[in-house]
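S.K.: Below are the sequence and a predicted model; questions follow.
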Number of protein chains: 2
Amino acid sequence: MDGIEVRELRYFVAVAEELSFSRAAERLGMAQPPLSRAIRQLERRLGGTLFHRDTRRVGLTELGETLLDEARYALDVLAGVGRRASRAAQDTPTLVATAKPGVATGMLPRILAAYACLPGAVPVETVVSGYREQADMVRDGRADVALVSSFFDRRGLDSEPLTTEPRAAALPAGHPLARREELRCADLHGEPMPQWPEATPAERAYWSGRDHHVAETRGRLAEDESAEVRGPTVSDPGQLIEVVALGQAVALIPRSLADANPRPDIVYRPVTDASPYTISLAWSEGSRSPHLARLVRAATDLLVPTG
Amino acid sequence: MDGIEVRELRYFVAVAEELSFSRAAERLGMAQPPLSRAIRQLERRLGGTLFHRDTRRVGLTELGETLLDEARYALDVLAGVGRRASRAAQDTPTLVATAKPGVATGMLPRILAAYACLPGAVPVETVVSGYREQADMVRDGRADVALVSSFFDRRGLDSEPLTTEPRAAALPAGHPLARREELRCADLHGEPMPQWPEATPAERAYWSGRDHHVAETRGRLAEDESAEVRGPTVSDPGQLIEVVALGQAVALIPRSLADANPRPDIVYRPVTDASPYTISLAWSEGSRSPHLARLVRAATDLLVPTG
DNA sequence: CCCGTCCATACCCGCAGAGTATAAATCTAG
DNA sequence: CTAGATTTATACTCTGCGGGTATGGACGGG
């Protein structure tokens, strides 16, 4: 009846990810029998089974699925507490900021410069993060703040929008839609759209113009599964531009990305009803550092002139 | 270097709350020496001291203060995972909804009735919660959804606004400000305002009209410490009305509360620039139960007609 | 049909965490 | 100023639990 053990959660996540007790045990650096016992113990404590085991294959039950999600979340929170506390214990307090390479790169130095001018500013370290990794880095304490772009997973984070801009369609030069001056989301629905690897359904909806601006506020619960024509997979904006130029896809991109890539073989057309592209500053809900608060204040004062 | 132990967090919170190792040990049902050791070990792991101890008095260091906050949050998350998982393991899935007695009471039955009509609806249990306790109940898994009113601590919760209404000033009948038709927040700043017990700074700012609608979006970081005249302490809306009627204070209340209490000895005047009073449905970010999602959908469809 | 693979069971061990006794330190009372 | 009370820190012991090893048993592949 006493609270759950983190150790058990870690074990459970490992088994759920490997779908094998022996592989999970190896990954955890332990033997398999104690792992089995620990999972059994967790199941007894919860009063339900987490895995189907037919001595050959291991699969998650429905209960296991939901616990997996919750367990990951809880472990992130816990790791974040530990990391932030460790860093706060150092005698010279420091902030860590992160941003993905690309669109938002220019913004971070300006924010940090503005912050550095404030009295009592502490040193800020900048680290680059992989695509869509920023939110995780903030959640688990590897970073204090991140520049994130819509769409991102808001769980566990507070955020403040900094800039917002309309989105445009990037079309190969000869494309029929290029003749029109303005487009709407529905016009793009039959077209092949570039795919981002490991994108969530909500992210796919946003980048294909099917999110109906619901995704912005409560993405996890929103679902729009209307059929989508999937184009080639791309993993950075440069690839995306190339794919469009080759006529393999049509993309819905932020205006600034269009402006940064003027090319004769691509035409950009505003998409009037697409939800806008927003860059936000995000930080952990768990953290109440005054230094962090000042950095956030500096960023909003700089980019969202009060009015 | 390995992640933090929950046991350590529990111990730390106990000591931080009791500000005494021996009392904390008693509360935890253990002896005092192992507690001291555990805290020392935690301090070594973090690389900083958490308590000032002069063998007579124990006090939190700055690091301790921030860790206390984070630790409470993390423990809530963990407890929530455990409770939700235990409940999900029962063969008959159930949802638990909570609301404070008072303003929002009438709304919950309507939501639940609308939900109950849906196919596949599961039984919903209703529990009442103390004032401002709803968010905690959702965080630590005692409830799945809560009707919460601005202002509340959003950490760890997703929420969806259901209704929003302007706020008005409640003034004793003979009050000078009662002569004017409309007021602004600044007009109230010199007046004594009722105090809610254990209110956070952000809550005090909201109820005294000093939040500048910043509190709505990022309350934790907002601070407005301009001097406030504190009136008598009240713990429910009925008391608040009485206190105003007796001429002991002036209050900033939601319009519906004013409408529900027409009295000859109180006059209500709209406060045009006060941030509105919002009732939201809140649930844990950690949870992805489809039943919960349907309940949320039912509530929003009922109260926020799509348009 | 046999062998390999993978999970479960049985049993043992070591250590971390908890208890007891006690010292050291500081405040209070008189 | 001193004696007692209170509270944290130290020293030592012990026990329970988490982990390891060996092995059994079930299923699938060849």
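M.R.: Alright, I've got the coordinates.
S.K.: Now do the domain split for chain A, please.
M.R.: For chain A, automatic domain parsing gives the domain ranges A:6-79, A:90-163+A:278-303, A:167-275.
S.K.: which residues of the stretch 1-150 of chain A fall in strands?
M.R.: Using DSSP state E, counting those that start in this stretch, the strands of the stretch 1-150 of chain A run over residues A:51-53, A:58-60, A:95-99, A:124-128, A:145-149.
S.K.: Mind listing what's buried along the first one?
M.R.: Yep, that's strand A:51-53 we're talking about. Using 16 or more other C-beta atoms under 10 Å in any protein chain shown as the test for burial, strand A:51-53 gives A:F51. Placement of C-beta: from N, CA and C, glycine included.
S.K.: Next, work out how far apart A:A260 and A:C117 are.
M.R.: Separation of A:A260 from A:C117 (C-beta to C-beta, to the nearest Å) stands at 28 Å.
S.K.: Looking at these two, which one has more neighbours?
M.R.: A:A260 (13 against 9; other C-beta atoms under 10 Å in any protein chain shown).
S.K.: follow-up on the earlier one: got TSV for the domains of chain A, with distance to B:A71 and mean pLDDT too?
M.R.: As requested, the domains of chain A are arranged in TSV below (distance: least, C-beta to C-beta, whole Å; pLDDT from 0 to 100):
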stretch	distance to B:A71	mean pLDDT
domain A:6-79	10	90
domain A:90-163+A:278-303	10	84
domain A:167-275	27	81
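S.K.: Adding distance to B:V234, write those domains out as JSON lines.
M.R.: Converted to JSON lines, the domains of chain A look like this (distance: least, C-beta to C-beta, whole Å):
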{"stretch": "domain A:6-79", "distance to B:V234": "35"}
{"stretch": "domain A:90-163+A:278-303", "distance to B:V234": "28"}
{"stretch": "domain A:167-275", "distance to B:V234": "34"}
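S.K.: among those, which is nearest B:I39?
M.R.: Minimum separation from B:I39 across the domains of chain A (C-beta to C-beta) falls at domain A:6-79, 18.2 Å.
S.K.: about what we covered before: deepest-packed of the strands of the stretch 1-150 of chain A, please.
M.R.: Stretch with highest mean neighbour count among the strands of the stretch 1-150 of chain A: strand A:145-149 (a mean of 25; mean count of other C-beta atoms under 10 Å in any protein chain shown).
S.K.: so what strands line up beside that one?
M.R.: Strand A:145-149 sits in its sheet next to strand A:95-99 (parallel), strand A:277-284 (antiparallel), going by DSSP bridges.
S.K.: contacting residues for A:E17?
M.R.: Applying C-beta atoms under 8 Å, 6 or more residues apart in numbering or on different chains, we find A:E17 in contact with A:A24.
S.K.: can you redo the strands paired with strand A:145-149 as JSON lines with distance to DNA strand C?
M.R.: Shown next, in JSON lines, are these (distance: least, C-beta to the nearest atom of the strand, whole Å):
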{"stretch": "strand A:95-99", "distance to DNA strand C": "29"}
{"stretch": "strand A:277-284", "distance to DNA strand C": "26"}
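S.K.: need the ones you listed in CSV with distance to B:F12, can you?
M.R.: Listed next are the strands paired with strand A:145-149 as CSV, based on distance: least, C-beta to C-beta, whole Å:
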stretch, distance to B:F12
strand A:95-99, 24
strand A:277-284, 19
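S.K.: For DNA strand D, which of those strands is the nearest?
M.R.: Within the strands paired with strand A:145-149, the stretch nearest DNA strand D is strand A:277-284; the backing value is 28.1 Å (C-beta to the nearest atom of the strand).
S.K.: what's the offset of that closest one from the middle of its chain?
M.R.: Relative to its chain's centre, strand A:277-284 lies at 10 Å (C-alpha atoms, centre = their mean, to the nearest Å).
S.K.: A:D187 and A:R179 touch, don't they?
M.R.: No: using C-beta atoms under 8 Å, A:D187 is not in contact with A:R179, being 11.7 Å away.
S.K.: These two: who's more crowded?
M.R.: Neighbours of A:D187 and A:R179, each counted by other C-beta under 10 Å, are more numerous for A:D187; the result is 18 against 10.
S.K.: ok, A:Q134 to B:A88 distance?
M.R.: 31 Å.
S.K.: Among these two, which residue is more densely surrounded?
M.R.: A direct count of neighbours by other C-beta under 10 Å for A:Q134 and B:A88 places A:Q134 higher, at 27 against 21.
S.K.: Return the residues in contact with that one.
M.R.: Applying C-beta under 8 Å, 6+ apart, the residues contacting A:Q134 are A:T98, A:A99, A:K100, A:A143, A:A146, A:L147, A:V148, A:F152, A:A282.
S.K.: now swap in A:V81 and tell me
M.R.: So A:V81 contacts A:G141, A:G286, B:I4, B:L9, B:L67, B:E70, B:A71, B:Y73, B:A74 (C-beta under 8 Å, 6+ apart).
S.K.: Now do the end-to-end distance for stretch A:129-138.
M.R.: Taking C-alpha to C-alpha, to the nearest Å, the first and last residues of stretch A:129-138 lie 11 Å apart.
S.K.: what's the answer for stretch A:181-196, then?
M.R.: The straight-line separation of the ends of stretch A:181-196 (C-alpha to C-alpha) is 27 Å.
S.K.: Just the buried residues of that stretch, please?
M.R.: Buried residues in stretch A:181-196 (16+ other C-beta under 10 Å): A:L183, A:C185, A:D187, A:L188, A:E191, A:P192, A:M193, A:P194, A:Q195, A:W196.
S.K.: contact partners of stretch A:166-182?
M.R.: Applying C-beta under 8 Å, 6+ apart, the set of residues contacting stretch A:166-182 is A:183, A:187-188, A:191, A:240-241, A:244-247, A:250-255, A:258, A:264-272, A:274-277.
S.K.: Now do the buried residues in it.
M.R.: For stretch A:166-182, the neighbour count (16+ other C-beta under 10 Å) marks A:R167, A:A168, A:A169, A:A170, A:L171, A:P172, A:H175, A:A178 as buried.
S.K.: before we move on, what about stretch A:230-247?
M.R.: Buried residues in stretch A:230-247, counted by 16+ other C-beta under 10 Å: A:G231, A:V234, A:P237, A:L240, A:I241, A:V243, A:V244, A:A245.
S.K.: what sits against whichever residue of the stretch 201-307 of chain A sits closest to chain B?
M.R.: Nearest to chain B, among the residues of the stretch 201-307 of chain A, is A:E285, at 4.1 Å (C-beta to the nearest C-beta). Contact analysis of A:E285 by C-beta under 8 Å, 6+ apart lists A:G156, A:L157, A:D158, B:Y73, B:R154, B:R155, B:G156, B:R220.
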